[in-house]
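A.B. asks: Need coordinates for the following:
(one chain, ligands or ions: 1)
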Amino acid sequence: MNILVLNCGSSSIKYQLFNMKDQSILAKGLVNRVGMANACIDHISGRGPKIQIITDVIDHHDGIKKVFDLLVSKDHGVIGSLDEINAVGHRVVHAGEKFAGSVLLTDDVLEALRECIIFAPLHNPPNLRGIEAVSEYLPKVKQAGVFDTAFHQTMPIKAFLYALPKVFYDKDRIRRYGFHGTSHRFVSKRAAILLKKPYETLKIISIHLGNGCSMAAIDCGKSVDTSMGHTPVEGLVMGTRVGDIDPAIVLHIMKKYELAIHEVDNLLNKHSGVLGISGESNDLRDLEEGWPNRSPKANLALEVYSYRIRKYIGAYMAVMNGCDAIVFTAGVGENSSIVRDLVCQNLDFLGIRIDTSLNKKTVRGAEGDISTSDARVRTLVIPTNEELVIAEDTLELIEGRLDPKTGKPAK
Ligand code: AMP
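C.D. replies: Residues are numbered from 1 along each chain as shown. Model (predicted):
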């Protein structure tokens, strides 16, 4: 059983073909700069070396056709024909309040996802283009949608409602949705396995620190709060996104500098975060180089970044009346011992205590417990694997173990 996982971004297509018998990756790659000059495909088949193919990629349809061609090609292919792709799972960013689980894609589901374009104008359209392209090339193959927002649909209204006049929720569905749900779900479930305790009994704080950053409070297997909100701009300080901010600042800046809506949008999404504070880089690797001697601005960016995470840890402990484990994941969470150290220092009163040498020794790609043996709260580092979750959900949907319309366990 082979399952293709697709993650179509505005100008990229990430793909992984899984053999679900042993969850091995037959091939994976990235189509870069879709619709732009200098497009190329980075492709790895099996354990082979990465190859780069320079080729025009006019749009997502064209990009997906080229991925299919590569998967069956004589030189770099891994399957004999496209018939060997049994199903396709798609990452879809926003499913609004419609879906609390992964579902099989039908015309009705696609219509519901189109209605969510207003919430994710940059993400849902390319996600939908990928689905349409697969329908065209593989019309008989079942496709599943796995949604970033779905895991957080268990949040209670007190956690997701903004204190705006309620008509904005009732009429426009303006509320906190949360993102990175697939990653929070994966690492929190792995945490339960590592702790050898039932998932449904644990209180977990999951900290996803990648290009985008978010945290989730997961109480007995359910997301009860998360730091991203109506859009992925809210919450933690990110590489280039501002995170929590007094909304009146936006009005003030717009007025003072006579900024248009798209300019403020750019400012909050692309020029803020650690890039905005440091003026040097959005990449934590750069800012950490030579820490703490790189530059005062780089140090300040790291301190503000880590301080915000600490505040959310405190908040989520209050939300859940305690916590059994905190989990660091994604590019920064998995790799940066400096950030983990800054976040976890002096939190003994909450039961969080990390072993400095274990923290430094944690190697990339490995799962680990970096807490001291006497810590009440375990601090774990767990590599995320959103592609595997998408492949597993797709398999469970086509095999009928998940309800195809709700994603809940089938009766
Ligand atoms: P992701 O979105 O999970 O791919 O994470 C990408 C981010 O991880 C990059 O922007 C980097 O800032 C960060 N990152 C990757 N490797 C490291 C590292 N070794 N140390 C610190 N940050 C890293």
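
A.B. asks: which bits of the stretch 301-411 of the chain sit near the ligand?
C.D. replies: Applying Cβ under 6 Å from any ligand atom, we find that the stretch 301-411 of the chain lies next to the ligand at Ala330, Gly331, Val332, Asn335, Ser336. Yep, even glycine has a C-beta here, placed from its N, CA and C like the rest.

A.B. asks: same deal with the stretch 151-300 of the chain?
C.D. replies: Checking the stretch 151-300 of the chain against the ligand by Cβ under 6 Å from any ligand atom, the hits are Gly210, Asn211, Gly239, Asp283, Leu284, Arg285, Glu288.

A.B. asks: Recalculate using a threshold of 8 Å.
C.D. replies: Listed as neighbours of the ligand in the stretch 151-300 of the chain under the rule Cβ under 8 Å from any ligand atom: His208, Leu209, Gly210, Asn211, Gly212, Gly239, Asn282, Asp283, Leu284, Arg285, Asp286, Glu288.

A.B. asks: Name the residue of the stretch 101-250 of the chain that lies nearest to the ligand.
C.D. replies: Gly210 (2.5 Å; Cβ to the nearest ligand atom).

A.B. asks: wait, what's in contact with the spatially most central residue of the chain?
C.D. replies: What sits nearest the mean C-alpha location of the chain, by Cα atoms, centre = their mean, is His180, with 3.4 Å. Going by Cβ atoms under 8 Å, 6 or more residues apart in numbering, His180 touches Asp148, His208, Gly212, Ser214, Ala216, Thr226, Met228.

A.B. asks: what comes into contact with the strand or helix carrying the second one?
C.D. replies: Pointing back at His208 there. Assigned by DSSP states H and E, His208 belongs to strand 203-209. If you take Cβ under 8 Å, 6+ apart as the criterion, strand 203-209 is touched by 180, 183-184, 187-188, 191-192, 213-220, 236, 309, 312-313, 316-317, 320-333, 336, 339, 343, 384.

A.B. asks: which residue does the stretch 1-150 of the chain bring closest to the ligand?
C.D. replies: For the stretch 1-150 of the chain, Cβ to the nearest ligand atom, closest residue to the ligand: Lys14, 10.7 Å.

A.B. asks: In three-state terms, label that residue for me.
C.D. replies: Following DSSP: H, G, I helix; E, B strand; the rest coil, we place Lys14 in the strand state.

A.B. asks: Return the distance of stretch 129-136 from the chain's centre.
C.D. replies: Mean-position distance between stretch 129-136 and its chain equals 22 Å (Cα atoms, centre = their mean, to the nearest Å).

A.B. asks: got it, and stretch 20-32?
C.D. replies: Taking Cα atoms, centre = their mean, one finds the center of stretch 20-32 at 18 Å from the center of the full chain.

A.B. asks: what does that stretch rub up against?
C.D. replies: So stretch 20-32 is contacted by 1-3, 11-19, 39-46, 57, 63, 66-67, 70-71, 76, 78-79, 387-388, 391-392, 395 (Cβ under 8 Å, 6+ apart).

A.B. asks: quick one on the thing from earlier: what strands flank whichever helix or strand comes after the strand holding His208, and is each parallel or antiparallel?
C.D. replies: Heading C-terminal from strand 203-209, the first helix or strand you meet, by DSSP H and E, is strand 213-219. Using DSSP bridges, strand 213-219 pairs in its sheet with strand 203-209 (antiparallel), strand 222-226 (antiparallel).

A.B. asks: how about CSV for these, with mean neighbour count added?
C.D. replies: Listed next are these as CSV, based on neighbours: other Cβ atoms under 10 Å:
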stretch, mean neighbour count
strand 203-209, 28
strand 222-226, 22
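
A.B. asks: export these to CSV and tack on mean pLDDT?
C.D. replies: Listed next are these as CSV, based on pLDDT from 0 to 100:
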stretch, mean pLDDT
strand 203-209, 98
strand 222-226, 98
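
A.B. asks: For the ligand, what is the nearest residue in this protein?
C.D. replies: Evaluated by Cβ to the nearest ligand atom, the chain has Gly331 as its residue closest to the ligand, separated by 2.0 Å.

A.B. asks: For that residue, give me the backbone phi and psi.
C.D. replies: Here is the backbone geometry of Gly331 (degrees, to the nearest 10): phi -40, psi -50.

A.B. asks: Count the neighbours of it for me.
C.D. replies: 18 (other Cβ atoms under 10 Å).

A.B. asks: How about Asp75?
C.D. replies: 7.

A.B. asks: same check, this time on Pro139
C.D. replies: Quick note: Pro139 (other Cβ under 10 Å) scores 7 neighbours.

A.B. asks: repeat for the one 5 residues further on
C.D. replies: Residue crowding around Ala144 was assessed by other Cβ under 10 Å; the count is 28.

A.B. asks: How about the secondary structure of it?
C.D. replies: Under three-state DSSP, the three-state class of Ala144 is strand.

A.B. asks: Let the chain start at 357 from now.
C.D. replies: Shifting the count to begin at 357 puts that one at Ala500.

A.B. asks: does Arg541 sit in a helix or strand, and which one?
C.D. replies: helix 537-551.

A.B. asks: how much does that helix deviate in direction from strand 559-565?
C.D. replies: Counting by axes from the mean of the first three to the mean of the last three Cα atoms, to 10 degrees, helix 537-551 lies at 130 degrees to strand 559-565.
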